[in-house]
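Trainee: What would the 3D arrangement of this be:
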Amino acid sequence: MASNSTLHVWPIPAFTDNYIWCIRDSQSAILVDPGDAKPAIHYLQQEHLQLTGILITHYHADHIGGLKDLLTWGHSQGLSFPIYGPAAEDIPERTHALFEGDRVEIAKPAISLGVLEVPGHTLGHIAYVADVAHNPDQSPKLFCGDTLFASGCGRLFEGTPSQMSSSLSKFLNLPTDTLVYCTHEYTLSNIRFALAVEPNNHDLQQWAKTAHDLRQNNQSTVPTTIGHERRVNPFMRCDQEPVIVVAENTIGKKLNTSAEVLAVVRAWKDRF
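Mentor: Got it, this is the predicted structure:
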C-alpha cells in the first residue's frame with residue numbers, strides 16, 4: 001500500500017460465484033455482503049486488517065450468512081463494528097437500518113456512502129454510492145448487490161419490472177465513470193444472453209472477447225463502469241432502439257415504456 005489512507009476495493013471469492021467486497025486501506029476494512037465468514041476472516045487475518053464495518057444490500061443468505069460468525073470472531077478479537085443494512089428487510093444482526101438518502105460515514109478506511117433504495121430483486125434492496133462530492137480523492141463507486149450485474153440484472157424474486165426499471169434508472173443517472181461492484185461472477189452467461197438480444201452490438205462483441213480472456217486467466221470481470229453497462233447491458237438499454245425492437249418482436253406488440261421493454265427482456269432471460 002502506498003499509504004495508510006490509500007483506499008482499495010478487493011474481491012474476496014465466496015461459494016461458487018459470489019464476491020465479498022473488501023473496502024480497505026493498509027490497516028482497516030469494511031466488508032460488503034459477507035455471505036460466508038470463513039474466506040472473509042482468512043483475508044482479514046492474512047492482510048492484518050481490522051474490521052470496522054459491514055454493509056448489507058439485501059437479506060438473501062448468500063449475502064448475510066456470514067454475519068453471526070463474523071460477530072463471534074470479532075468479539076473474540078475485541079472488535080465492535082456496525083452492520084448497516086436495509087430498513088425494510090429482516091436482518092437480525094443489523095445495527096443501523098438505512099433508507100434512501102441516508103449516508104454511511106466510516107472513518108477507517110475513510111469513505112462516505114449514500115444510500116439508494118433499489119427494489120426489484122428483493123423489495124427492500126439498497127445500494128451504496130461513494131460519490132466524488134463526498135470522497136474527492138477517490139473514484140466514484142457503486143455497491144449494487146444483486147440489482148445490477150455486469151451485462152445483466154438480478155432476477156425479480158419479489159419486485160416488479162417497473163420497480164427494477166426505476167432502480168436501474170437511478171444507476172443510469174450516476175456518472176459514467178462510476179465503478180460497478182456487483183456481487184456475482186455471472187458475466188459470461190449474461191453476455192451470452194446480451195448477444196442474443198443485440199448480436200450486432202460492436203461494444204458487446206468486444207466485451208465478450210475481453211471477458212472470456214479474463215475468465216480464462218481466472219481474473220474477475222468486475223468492476224465494470226456505468227458507462228460500460230450503458231453500452232453493453234440490455235437491461236440498461238431498454239430505452240435504446242435495438243433493444244426496444246427485439247423486445248417488441250419477441251412479444252408481438254408495441255411497447256410504450258422502458259419498464260415494459262424490461263419486463264419482456266427479463267422474462268426472456270429467465271427462459272434463456
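
Trainee: Please count neighbours and contacts with C-alpha atoms only from this point.
Mentor: OK.

Trainee: Contacts for the strand or helix carrying residue 51, please.
Mentor: Using DSSP states H and E, residue 51 sits in strand 50-55. For strand 50-55, contacts defined as Cα atoms under 8 Å, 6 or more residues apart in numbering pick out 27-34, 44, 74, 79-85, 106, 108-109.

Trainee: Near the spatially closest residue to residue 139 that is not a sequence neighbour, how many other residues are there?
Mentor: Among residues not flanking residue 139 along the chain, residue 132 sits closest, at 6.4 Å (Cα to Cα, 6 or more residues apart in numbering). Residue 132 has 15 neighbouring residues, counting by other Cα atoms under 10 Å.

Trainee: cool, and residue 201?
Mentor: Neighbours around residue 201, by other Cα under 10 Å: 15.

Trainee: same question, residue 253
Mentor: Residue 253, neighbours per other Cα under 10 Å, totals 10.

Trainee: Would you mind measuring from residue 174 to residue 32?
Mentor: 20 Å (Cα to Cα, to the nearest Å).

Trainee: Any of the contacts of strand 50-55 buried? List them.
Mentor: By neighbour count, with 16 or more other Cα atoms under 10 Å, these hold 27-34, 44, 74, 82-85, 108-109 as buried.

Trainee: Helices of the stretch 101-250 of the chain, start to end?
Mentor: Ranges of helices in the stretch 101-250 of the chain, per DSSP state H, counting those that start in this stretch, are 161-172, 187-197, 202-216, 226-232, 241-251.

Trainee: In TSV: these, plus mean neighbour count and distance to residue 7.
Mentor: Converted to TSV, the helices of the stretch 101-250 of the chain look like this (neighbours: other Cα atoms under 10 Å; distance: least, Cα to Cα, whole Å):
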stretch	mean neighbour count	distance to residue 7
helix 161-172	20	23
helix 187-197	18	25
helix 202-216	15	24
helix 226-232	20	20
helix 241-251	17	38
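
Trainee: nearest to residue 152, of those?
Mentor: In terms of Cα to Cα, the element of those nearest to residue 152 is helix 187-197, at 5.5 Å.

Trainee: now the angle from that closest one to helix 241-251?
Mentor: 80 degrees (axes from the mean of the first three to the mean of the last three Cα atoms, to 10 degrees).

Trainee: and helix 187-197, what does it pack onto?
Mentor: Applying 3 or more Cα pairs under 8 Å, 6 or more residues apart in numbering; DSSP states H and E, one finds that helix 187-197 contacts strand 152-153, helix 202-216.

Trainee: Distance to residue 62 added to these, as CSV?
Mentor: Formatted as CSV, the helices and strands packed on helix 187-197 follow (distance: least, Cα to Cα, whole Å):
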stretch, distance to residue 62
strand 152-153, 17
helix 202-216, 22
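
Trainee: returning to what we had before: the helix or strand that the strand holding residue 51 is followed by: which residues count as buried?
Mentor: Going down the chain from strand 50-55, the next helix or strand is helix 61-64, by DSSP H and E. Judged by neighbour count using 16+ other Cα under 10 Å, the buried positions of helix 61-64 are 62-64.

Trainee: about what we covered before: closest to residue 246 out of the buried ones among the contacts of strand 50-55?
Mentor: After measuring these against residue 246 - Cα to Cα - the closest member comes out as residue 33, at 35.0 Å.

Trainee: The closest one against residue 20, yeah?
Mentor: Yes - the pair residue 33 and residue 20 passes the contact test of Cα atoms under 8 Å, sitting 5.7 Å apart.

Trainee: any residues in contact with both of the two?
Mentor: Joint contacts of residue 33 and residue 20 (Cα under 8 Å, 6+ apart) are residue 183.

Trainee: Tell me which stretches of this structure form strands.
Mentor: 8-14, 18-24, 28-32, 50-55, 83-86, 96-98, 103-106, 111-117, 126-130, 141-145, 148-149, 152-153, 179-182, 224-225 (DSSP state E).

Trainee: Name the stretch among these that sits most buried.
Mentor: When you average the neighbours per residue for each of those (mean count of other Cα atoms under 10 Å), strand 148-149 leads with a mean of 27.

Trainee: what about that strand, distance to the chain center?
Mentor: Mean-position distance between strand 148-149 and its chain equals 6 Å (Cα atoms, centre = their mean, to the nearest Å).

Trainee: by contact count, what packs against it?
Mentor: Strand 148-149 packs on no helix or strand, going by 3+ Cα pairs under 8 Å, 6+ apart.
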